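> I would like the atomic coordinates for the input below:
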Amino acid sequence: MSEKQEIIKQMMEMQRKFIDLEQSGKFSAEEYYDTEGDSELAIHKRNFEELATRLVDLAHEEKGSNR
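Sure thing, here's the model as predicted:
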């Protein structure tokens, strides 16, 4: 499996986990918008953002373009 495919797979799994967390009501509105904290949700969002950035970088490399 290519790195891009692996990242997409991870991101889809993370999205399912986020939906489960959101529907369970396990976090507050403050936590929802917190990206700097150490809550499970904040860490989840940072990790997802890192994967998304890497995916964009890989797509640019593949096409020979720059961000």
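> Helix or strand for the spatially closest residue to residue 27 that is not a sequence neighbour, just tell me which one.
Spatially, and ignoring its direct neighbours in sequence, residue 27 is nearest to residue 41 (4.9 Å; C-beta to C-beta, 6 or more residues apart in numbering). Where you see a C-beta, it was placed from the backbone N, CA and C, and this is true even at glycine. Counting by DSSP states H and E, the element that carries residue 41 is helix 40-63.
> Tell me which residues of that helix come out buried.
With burial defined by 16 or more other C-beta atoms under 10 Å, the residues of helix 40-63 counted as buried are 41-42, 45, 48, 51, 55.
> tell me the mean pLDDT over that helix?
Here the mean pLDDT over helix 40-63 is 92, rounded to a whole number.
> Can you give me the separation between the residue nearest the centre of the chain and residue 65?
Within the chain, one residue has its C-alpha closest to the average C-alpha position: by C-alpha atoms, centre = their mean, that is residue 48, at 1.4 Å. Relative to residue 65, residue 48 is positioned 23 Å away (criterion: C-beta to C-beta, to the nearest Å).
> do residue 20 as well
Using C-beta to C-beta, one gets 36 Å for the distance from residue 20 to residue 65.
> Equivalent analysis for residue 35, please.
Noted for residue 35: a distance of 28 Å to residue 65, by C-beta to C-beta.
> Which of these two has more residues huddled nearby?
Per other C-beta atoms under 10 Å, whichever of residue 35 and residue 65 has more neighbours is residue 35, with 11 against 8.
> wait, what's in contact with that one?
Contacts were defined as C-beta atoms under 8 Å, 6 or more residues apart in numbering; by that measure residue 35 touches 42, 45-46, 49.
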